[in-house]
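**Student:** the following block contains a protein sequence and its predicted model.
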Amino acid sequence: TFCMTKYSLETKIRFIELMKTNKYSIGTAADSVNASNSVAERWWKMYSIHGLEGLSMKSGNYDGKFKIHVIKYMHENHLSVNEASAIFGIPSDATLLKWERIYYEQGEEGLLLERRGRPKEVNMKSNSKNAKPKKLDKNMEADLINEIQRLRAEVAYLKKSIALKEAKENLLIKKKQW
């Protein structure tokens, strides 16, 4: 099960102090304060970029232009969600993941919409099972196709590598049996 844990500023500072001694890896320092590696990595990045103030940044209300800027910057600079959230001081990766999903599904216009509160009017057609998803622009569609092809090639390479390793191990086992 997924559990969202809030950590005190003191816990984050204790982690930073451990890291500053240069005696701990992120993983061992994270373990000592009962935090996951990804959360601890984000704390370390936020501290590195923003100092101690970065550890106490709170969620805020972000306007559409800011959201678009963050997503484009993340893509242009090939940053992970974790890295981008640290750079822009966004405390949760989930926030950026949501923005990115909206960006891919609805484009920039989707990020400009105010989503908090009850919707002013419900469009029954958009909720129907027959509603067609919005078309992506040609550049975004091409980027996604390229990414899929790259990932498929990577998976194929890894499968081949594993198969070759297994074949080599089997060959060594057969040699030992002779």
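**Tutor:** Structure received.
**Student:** can you tell me how far the closest residue to Ile90 other than its chain neighbours sits from Ile145?
**Tutor:** Excluding the flanking residues, the one nearest Ile90 by Cβ to Cβ, 6 or more residues apart in numbering is Leu96, at 6.1 Å. Where you see a C-beta, it was placed from the backbone N, CA and C, and this is true even at glycine. As judged by Cβ to Cβ, to the nearest Å, Leu96 and Ile145 stand 23 Å apart.
**Student:** between those two, which has more neighbouring residues?
**Tutor:** Neighbours were tallied for Leu96 and for Ile145 using other Cβ atoms under 10 Å; the higher tally belongs to Leu96 (22 against 10).
**Student:** hang on, isn't that one packed against Met74?
**Tutor:** Yes: Leu96 is within contact range of Met74, at 7.2 Å (criterion: Cβ atoms under 8 Å).
**Student:** contacts for the helix or strand containing Glu105?
**Tutor:** If you go by DSSP states H and E, Glu105 is part of helix 93-106. Under the contact criterion Cβ atoms under 8 Å, 6 or more residues apart in numbering, helix 93-106 has outside partners 38, 42, 59, 67-68, 70-71, 74, 81-82, 84-85, 90, 110-111, 113, 133-134, 136, 140, 144.
**Student:** from those residues, which land in helices?
**Tutor:** 38, 42, 67-68, 70-71, 74, 81-82, 84-85, 110-111, 140, 144 (DSSP state H).
**Student:** drop anything exposed from these.
**Tutor:** Neighbour counting over the ones in helices among the contacts of helix 93-106 (16 or more other Cβ atoms under 10 Å) leaves 42, 67-68, 70-71, 74, 81, 84-85, 110-111 as the buried ones.
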